[in-house]
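J.: Structure, please.
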Amino acid sequence: MTTDSIRLTQFSPAAGCGCKLSPDILRRILSGVETGTPENTQASLLVGNDSRDDSAAVDIGNGRALLSTTDFFTPIVDDPREFGEIAATNAISDIYAMGGTPTVAIAILGWPVDKLAPEVAREVLSGARAICSKAGITLAGGHSIDISEPIFGLAVSGLVDINHLRRNDTAIDGDALFLTKPLGVGIISTAGKRARATQQDLTLASDSMRTLNNIGAELSSLEGVTAMTDVTGFGLAGHLSEMMRGSGLDASIDWSAIPTMGDLERYIAEGCVPGGTDRNFGSIATHLPPLTDFQRAVLCDPQTSGGLLIAVRPDARDEIASRLHAAGLPGRPIGELSIATSDQPKLTLRA
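T.: Prediction:
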């Protein structure tokens, strides 16, 4: 089997970040798992798993923090090199979402050697190395296993000034919300697996998933940015719910302001909705208003290598919008945050 003849997605029952465990299942797994810094270590843990944030952060002294993250998944596209590029972009995004700059990456590879030739895996690694180079870091090694389905991702380290560290649970009443990439890659990828997506839409999704979120390192230096996270497998609604719960805030979103890509209405009408969508919705339904089937599919669509969700003080809205526009990213606020009116933060959706 050559690299030109294989279809990687045939080995993926759930592709990309759509194979992530649901937020509800993840909470049950992590419930009671201790976090914190053991007494016999000198490092101070600034961010652990209690906030479900994008990276761990450890105080290493002199006002600096070490960031550490890992992310991997099954193929979301058929082309091996493209898969490697997307997986690498997705993993590195966790560092940018905390306001940091990546420094080094280590590969995680699971490969069914009886089904896929080693040369195919080589193409995956080649794509990842190209993205690491674009991010200014080295893919320094890794670990591989023989497994029934292909998986690939990275463990990534980064650095950030502690006063520029951005969490997902530190938003403030009155903050505006920005989203730096359009939604829909999960839907389009599912449509692609079923041979229903147009090549134009597949290209849109691929280009988006391979675009680095390096704007996060720039924006973190601005005092007006109070919180950040990246939108991945839990969908916009899921990651926004984490921000709302952690910050004790409600959110109001303008439906018309949410950026989307491709012919999502047709794909959803044809049933091209990832399985992770229902899991996402079920985990956060108590936070959501009544939704149409279309709104539910878009808001809960598992994103792979999605954009940054950024909470911004009102007096910094114009500057953030200007910087996003200059970077070729969506710069229109999609909503705002306010003090929660109950112990279950609520999302309001405006037409």
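J.: what residues are up against residue 306?
T.: Going by CB atoms under 8 Å, 6 or more residues apart in numbering, residue 306 touches 17, 181, 183, 185, 230, 231, 232, 236. In this view, the C-beta of every residue, glycine as well, is placed from N, C-alpha and C.
J.: List buried residues within those residues.
T.: 17, 181, 183, 185, 230, 231, 232, 236 (16 or more other CB atoms under 10 Å).
J.: Next up, the contacts around the third one.
T.: Spelled out, it's residue 183. 231, 235, 236, 258, 259, 260, 261, 298, 299, 301, 303, 306.
J.: can you rerun that using 7 Å?
T.: 236, 258, 259, 260, 298, 301, 303 (CB atoms under 7 Å, 6 or more residues apart in numbering).
J.: How about the second one?
T.: When contacts are counted by CB under 7 Å, 6+ apart, residue 181 touches 208, 306, 307.
J.: rewinding a little: sort out for me which of the buried ones among the contacts of residue 306 are in helices.
T.: Under the assignment DSSP state H, the buried ones among the contacts of residue 306 contribute 185, 236 to helices.
J.: Give me the subset of the buried ones among the contacts of residue 306 that lies in strands.
T.: residue 230 (DSSP state E).
J.: Take the buried ones among the contacts of residue 306 and lay them out in CSV including distance to residue 6 and pLDDT.
T.: Shown next, in CSV, are those (distance: CB to CB, whole Å; pLDDT from 0 to 100):
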residue, distance to residue 6, pLDDT
17, 22, 47
181, 28, 98
183, 29, 98
185, 21, 97
230, 29, 96
231, 30, 97
232, 26, 95
236, 32, 98
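J.: of all the buried ones among the contacts of residue 306, which comes closest to residue 101?
T.: residue 230 (15.3 Å; CB to CB).
J.: could I get the contacts of residue 183 as JSON lines with distance to residue 7 and secondary structure?
T.: Shown next, in JSON lines, are the contacts of residue 183 (distance: CB to CB, whole Å; DSSP: H, G, I helix; E, B strand; the rest coil):
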{"residue": "236", "distance to residue 7": "29", "secondary structure": "helix"}
{"residue": "258", "distance to residue 7": "32", "secondary structure": "coil"}
{"residue": "259", "distance to residue 7": "30", "secondary structure": "coil"}
{"residue": "260", "distance to residue 7": "27", "secondary structure": "strand"}
{"residue": "298", "distance to residue 7": "27", "secondary structure": "helix"}
{"residue": "301", "distance to residue 7": "22", "secondary structure": "coil"}
{"residue": "303", "distance to residue 7": "22", "secondary structure": "coil"}
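J.: I'd like the next helix or strand past the helix or strand harbouring residue 325.
T.: Per DSSP states H and E: residue 325 is located in helix 317-326. Beyond helix 317-326 on the C-terminal side, the first helix or strand identified by DSSP H and E is strand 335-339.
J.: got the CA positions of that next one in CSV?
T.: Coordinates of each C-alpha in strand 335-339 appear next as CSV, following Å, rounded to 0.1, in the frame of the first residue of the first chain:
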residue,chain,number,x,y,z
GLY,A,335,-21.0,38.3,22.5
GLU,A,336,-20.3,39.3,26.1
LEU,A,337,-20.1,38.0,29.7
SER,A,338,-22.1,39.0,32.7
ILE,A,339,-22.5,38.0,36.4
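J.: Adjacent strands (with direction) for it?
T.: Here strand 335-339 is paired, per DSSP bridges, with strand 176-179 (antiparallel), strand 249-254 (antiparallel).
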